[in-house]
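Sharing a model prediction with you, sequence too.
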Amino acid sequence: MRGRKNISLLLAVALLLGVALSTSGCGVTKSLTSLKDRFAGKDSTPVVEVPPPENQLPVSHQGFSGETIKVTLYFADSTGSYLVPEERNIPKVVGLARATIQELINGPMPGSGLLPTIPAGVVLKDINIKPDGLAIVDFNKQLMLNHPGGSTAEKLTVYSIVNTLTKFPTVDRVQFLVEGQYVKTIAGHVDVSTVMGRNESLIKRAN
């Protein structure tokens, strides 16, 4: 009898251990699954892939093995009266003109003493360079809505873009669009409804 009781006791203990291990195993499995989900990003905010603008390759496909190229940007001088060239090395990418205008939008280098010419919030929506040397640039409406106004400031905005683009040998004229539409002016003073050529008179000469 005593032997049978011992066997029953051992079976009961074994059964309890089996249940405990099974429960523990489920817990471990759940923990591992949870960790996997976290590393897979399932517990974080979903990442939304934003397609690049039309005719623009993804950034990862744009570079040429880390090569850079020197471009010339035009910003306002410290008095806000003239344009001053700033040379800058940027990655050599597909869509170089787009990248160059983006640098212009980003503003002058800190400590340069130069002033930005593009209002805050401006986005280059599209740029198209024709075989005949015409560059068509399309900006969002903030180019007009956020502009501070004044004839000089408007000239500096317009010709910072025109002079920057016409530094490229393939561009000699620029046509402005805003939200895909032709506009008469940006801030009421400079007629941008027709194609525009380079303006050297606004460039400040070195002493």
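Happy to help now that I have it. As the structure is a computational prediction, the values presented were derived from the model and not from experiment.

alpha carbons only for contacts and neighbour counts from here, please
Fine.

Please parse the protein into its domains.
1-48, 59-202 (automatic domain parsing).

Check residue 167 and give its pLDDT.
You'll see residue 167 listed with a pLDDT of 97.

before we move on, what SS does it have?
Under DSSP: H, G, I helix; E, B strand; the rest coil, the three-state class of residue 167 is coil.

measure stretch 106-123 end to end?
10 Å (C-alpha to C-alpha, to the nearest Å).

Next: stretch 75-83.
For stretch 75-83, the end-to-end distance is 5 Å (C-alpha to C-alpha).

And the lowest mean pLDDT element among the helices and strands of the chain?
Within the chain, no helix or strand scores below helix 2-39, which has a mean of 42 by mean pLDDT, DSSP states H and E.

Now do the helices in the chain.
2-39, 96-106, 142-145, 151-165 (DSSP state H).

For the shortest one, name the packing helices and strands.
For helix 142-145, the packing partners by 3 or more C-alpha pairs under 8 Å, 6 or more residues apart in numbering; DSSP states H and E come out as none at all, with no helix or strand in contact.

which residues sit against that helix?
Defining contact as C-alpha atoms under 8 Å, 6 or more residues apart in numbering, one finds that helix 142-145 is touched by 118-123, 178, 186-187.

switch to 7 Å and redo it
By C-alpha atoms under 7 Å, 6 or more residues apart in numbering, the residues outside helix 142-145 that reach it are 119, 121-122, 186-187.

which stretches of this structure have low pLDDT?
Within the chain, the stretches with pLDDT under 70 are 1-65, 207.

Return the most buried member of the domains of the chain.
The highest mean neighbour count among the domains of the chain, using mean count of other C-alpha atoms under 10 Å, belongs to domain 59-202: a mean of 17.

Counting residues, which strand of the chain comes out longest?
strand 63-76 (DSSP state E).

Just want the angle from that one to helix 96-106.
Counting by axes from the mean of the first three to the mean of the last three C-alpha atoms, to 10 degrees, strand 63-76 lies at 50 degrees to helix 96-106.

What is strand 63-76 packed up against?
strand 83-93, helix 151-165 (3 or more C-alpha pairs under 7 Å, 6 or more residues apart in numbering; DSSP states H and E).

can you do 10 Å?
Strand 63-76 sits against strand 83-93, helix 96-106, helix 151-165, with contacts defined as 3 or more C-alpha pairs under 10 Å, 6 or more residues apart in numbering; DSSP states H and E.
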